[in-house]
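In: Dropping a prediction and its sequence here:
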Number of protein chains: 2
Amino acid sequence: MINNRFLKACRREPVDRTPVWFMRQAGRYMAEYQRIRAKHGILDVCKTPDLAAEVTLQPIERFDLDAAIIFADILLPLEPMGLQLTFREEEGPVILNPVRHQDDVTRLRRVERDAFRFSSDAVTLTNEALAGRVPLIGFAGAPFTLASYAIEGGSSRNYLNTKHMMFGRPDQWHALLRKLSDVVVTYLENQIRAGVHAVQIFDSWVGCLSPVDYDEYVLPHVKSVIDRLKPEGIPIIYFGTGTSTLLPLMRSAGSDVLGLDWHVELDEAWARVGFDVAVQGNLDPVVLFAPLPEIERRIKDILDKAGNRAGHIFNLGHGILPKTPVDHVESAIGFVHKYSTR
Amino acid sequence: MINNRFLKACRREPVDRTPVWFMRQAGRYMAEYQRIRAKHGILDVCKTPDLAAEVTLQPIERFDLDAAIIFADILLPLEPMGLQLTFREEEGPVILNPVRHQDDVTRLRRVERDAFRFSSDAVTLTNEALAGRVPLIGFAGAPFTLASYAIEGGSSRNYLNTKHMMFGRPDQWHALLRKLSDVVVTYLENQIRAGVHAVQIFDSWVGCLSPVDYDEYVLPHVKSVIDRLKPEGIPIIYFGTGTSTLLPLMRSAGSDVLGLDWHVELDEAWARVGFDVAVQGNLDPVVLFAPLPEIERRIKDILDKAGNRAGHIFNLGHGILPKTPVDHVESAIGFVHKYSTR
């Protein structure tokens, strides 16, 4: 690997400057991406290896990023289980046959690695094009976040149906989470064997839970996923938003890196989870819309809070937003590199 | 006051049993409310004192609650400033002429107490009907939450426009927040002088901010509102959601009671803000959909965490949800009283 800052930081080894990448760095804010999407639906892009590789590379060609992340969607593992996934303008992902009853859980199919051939092919093509310039990150939704989409049938404000199953039918809940955990492991193993250098598990919506509920209904399943992936020997990043009170429990799931959002102060949160884990974050994505001096001030603040401690990967606290000014993204990456150069 | 448990708890005085009320306890989950709303729009109900009083009383007649809260909307103070407020089915509140530029801030009018005559009349009528059975709580949106609606024009996922003004035009932001703070004070003073026994300031969406941003852009304004209301001599409750990392700062705004949501453990959060402030909360509203034994178990857990310490008001961590089973609400109130009887 020509640039292995990101992987070193995942392992908490010293680096010459703080590595930086952005969640959803390939996406709607880039004209290059919009040109592809004008011709292809989002699921087509994900499942056509040529297109997925092309889109993955776009931000790498455009910016001085320290990692690429394969273009995909966190919900892709749901499709071969028998859930009908589609994307609607404005509304985002929709599951046409949501999981509500015991029968719905029972009918979910086990999935073999073959089902994710599109994903391994995209990884292979991307790595060929990257030619070792930067590491490639694979990813999947975490069992809880997949369950919340599968049950609600889309994004949700209150997670009413999800918690209804969790609180009212814990047996059904755990059966569902076990099935989802299995498919997440299969999907990520497949990416790892195709050549990704790290994986991120997105528990984007887990912040809707209390610590007690996280501990009882979610943690055992994330832990099982991470335990089964550990022997693969690559860094595992575990990320969520609104997780301030969940972080010590999330830490105990055993990932190498914990994602932090902007609701926490990086130094305080890092101390709370322990310096024996790497952290990734935590700029508010909206800050990238602010004037450059303000962006600079806030990046500096995060880097100051990380200090000279090994094991910080700079990122946003959530995915980059549509309409984010491309020149601000470029400047932000430059600021991170400039201020963090040892 | 026949039942003054709620007011005693606000002042951290010992009570015979933990007082309980629920945010949005008058609302869509009750058939009595739906009958009124079938004939009247939500703003009509808020601004017709007879109707507002009737709806306020509905949960008091139906359940053994320890406080009433005047039926109103947190955004009502925006209307006389010149913002056009309307409610759309599904979408909720919408501001037709949102605040985006300096001119929009400048044109916002100062408001005199006369503008809120409907509110004081509703308070007077409600207190007559309550006849001292339970205290009556008044409320308003907090300056930040009002600003977020005024700027976004409705509810928001990322608060892009709000933070854009905050980060990019702090002068404009503070001018807006000062105007909003003034009208919040006027609106709440008006309710207090009409006879409410406590007020709650709803900073429902403040949890989208980092602690540093809360400290710089929000706290001075909330503090100013509370400082100006303190001489009225009634308890002030300050509430937000997703505020786990903001709580110590919110505490410093000076309210008598802090609202807690379900993302925190009540004992841990109370210790963190200090036992010299009362706390209110913190059941996940979705728990009210669970089977009764599960509701009971979770209520007991919260009451155990509060312990025998004076100054806990039982509530949800956010407003009661539409379709919440009415019999579960009734049972929950009974459980709180039963388990907390000293």
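Out: Structure received.
In: Okay, strands next: where are they in chain A?
Out: Read by DSSP state E, chain A holds these strands, from start to end of the chain: A:68-69, A:85-88, A:92-95, A:136-141, A:198-203, A:236-240, A:257-259, A:278-283, A:312-316.
In: of the ones you listed, which approaches B:R109 most closely?
Out: When the strands of chain A are compared by Cβ to Cβ, strand A:278-283 sits nearest B:R109, at 37.2 Å. Any C-beta I mention is one placed from the backbone N, CA and C, and that applies to glycine too.
In: near chain B, anything from that closest one?
Out: No. In this structure, strand A:278-283 remains apart from chain B according to Cβ under 8 Å from any Cβ of the partner chain; the gap is never smaller than 8.5 Å.
In: Please enumerate residues in contact with that strand?
Out: When contacts are defined by Cβ atoms under 8 Å, 6 or more residues apart in numbering or on different chains, strand A:278-283 is touched by residues A:9-12, A:235, A:237, A:239, A:256-262, A:264, A:266, A:269-270, A:273, A:298-299, A:302, A:306, A:311-317, A:332.
In: angle of it against strand A:312-316?
Out: What separates the directions of strand A:278-283 and strand A:312-316 is an angle of 30 degrees, with axes from the mean of the first three to the mean of the last three Cα atoms, to 10 degrees.
In: Just checking: what are the partner strands of strand A:278-283?
Out: Using DSSP bridges, the strands paired with strand A:278-283 in its sheet are strand A:257-259 (parallel), strand A:312-316 (parallel).
In: Give the stretch among those with the greatest mean number of neighbours.
Out: Most buried of these, by mean neighbour count (mean count of other Cβ atoms under 10 Å in any protein chain shown): strand A:312-316, with a mean of 28.
In: any idea of the angle that strand forms with strand A:236-240?
Out: Here strand A:312-316 runs at an angle of 40 degrees relative to strand A:236-240 (the same axes, to 10 degrees).
In: Contacts for strand A:312-316, please.
Out: Contact partners of strand A:312-316, identified using Cβ under 8 Å, 6+ apart, comprise A:6, A:9-10, A:18-23, A:257, A:259, A:266, A:278-285, A:288, A:299, A:302-303, A:306, A:336, A:340.
In: if you set the cut-off to 7 Å instead, what comes out?
Out: By Cβ atoms under 7 Å, 6 or more residues apart in numbering or on different chains, the list of residues contacting strand A:312-316 from outside reads A:6, A:9-10, A:18-23, A:257, A:278-281, A:283, A:285, A:306, A:336.
In: hey, C-alpha coordinates of that strand in CSV?
Out: Written as CSV, here are the backbone C-alpha positions of strand A:312-316 (Å, rounded to 0.1, in the frame of the first residue of the first chain):
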residue,chain,number,x,y,z
HIS,A,312,-7.4,9.1,15.3
ILE,A,313,-9.0,8.9,11.8
PHE,A,314,-10.6,12.2,10.8
ASN,A,315,-14.1,11.9,9.4
LEU,A,316,-17.5,13.5,9.6
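In: where's the one residue sitting closest to the centre of chain A relative to A:P235, distance?
Out: Central residue check for chain A by Cα atoms, centre = their mean: the C-alpha nearest the mean position is that of A:F202, 4.0 Å away. In this structure, A:F202 and A:P235 are 15 Å apart, going by Cβ to Cβ, to the nearest Å.
In: what do you get for A:S148?
Out: Between A:S148 and A:P235 the distance is 26 Å, computed by Cβ to Cβ.
In: ok, now A:L249?
Out: Separation of A:L249 from A:P235 (Cβ to Cβ) stands at 20 Å.
In: got it, and A:S224?
Out: For A:S224, the distance to A:P235 equals 18 Å [Cβ to Cβ].
In: Please say which of the two ends up with more neighbours.
Out: A:P235 (23 against 18; other Cβ atoms under 10 Å in any protein chain shown).
In: for the closest residue to the more buried one other than its chain neighbours, what are its contacts?
Out: With sequence-adjacent residues excluded and distances taken as Cβ to Cβ, 6 or more residues apart in numbering or on different chains, A:P235 is closest to A:C10, at 3.5 Å. The neighbours of A:C10, taking Cβ under 7 Å, 6+ apart as the test, are A:A198, A:P235, A:D256, A:V257, A:A278, A:I313.
In: Quickly check: the longest helix along chain A near chain B or not.
Out: For chain A, the helix with the greatest residue count under DSSP state H is helix A:170-194. No. In terms of Cβ under 7 Å from any Cβ of the partner chain, no part of helix A:170-194 sits within range of chain B; the closest distance is 9.0 Å.
In: just checking, what packs against that helix?
Out: Helices and strands touching helix A:170-194, by 3 or more Cβ pairs under 7 Å, 6 or more residues apart in numbering or on different chains; DSSP states H and E, are helix A:102-106, helix A:117-130, strand A:136-141, helix A:143-152, helix A:160-168, strand A:198-203, helix A:219-229.
In: Which one of those lies nearest to B:F118?
Out: Of those, nearest to B:F118 by Cβ to Cβ is helix A:160-168, at 33.2 Å.
In: Give me the buried positions along the closest one.
Out: When burial is assessed from 16 or more other Cβ atoms under 10 Å in any protein chain shown, helix A:160-168 yields the following buried residues: A:L160, A:N161, A:T162, A:K163, A:H164, A:M165, A:M166, A:F167.
In: Residues contacting it, please?
Out: Residues external to helix A:160-168 that are found in contact with it (Cβ under 7 Å, 6+ apart): A:100, A:147-148, A:151-152, A:172-173, A:213, A:217, B:286-287, B:289-291, B:294, B:321.
In: how does it look with 8 Å?
Out: Under Cβ under 8 Å, 6+ apart, the answer for helix A:160-168 is A:98, A:100, A:147-148, A:151-152, A:156, A:172-173, A:176, A:208, A:213, A:217, B:284, B:286-287, B:289-291, B:294, B:321.
In: Next, give phi and psi for the residue nearest to A:A198 when sequence neighbours are not counted.
Out: Leaving out its chain neighbours, the residue that sits closest to A:A198 by Cβ to Cβ, 6+ apart is A:P235, at 4.3 Å. Backbone torsions of A:P235, given as degrees, to the nearest 10, read phi -60, psi 140.
In: Would you check how far apart A:P235 and A:G307 are?
Out: Between A:P235 and A:G307 the computed distance is 21 Å (Cβ to Cβ).
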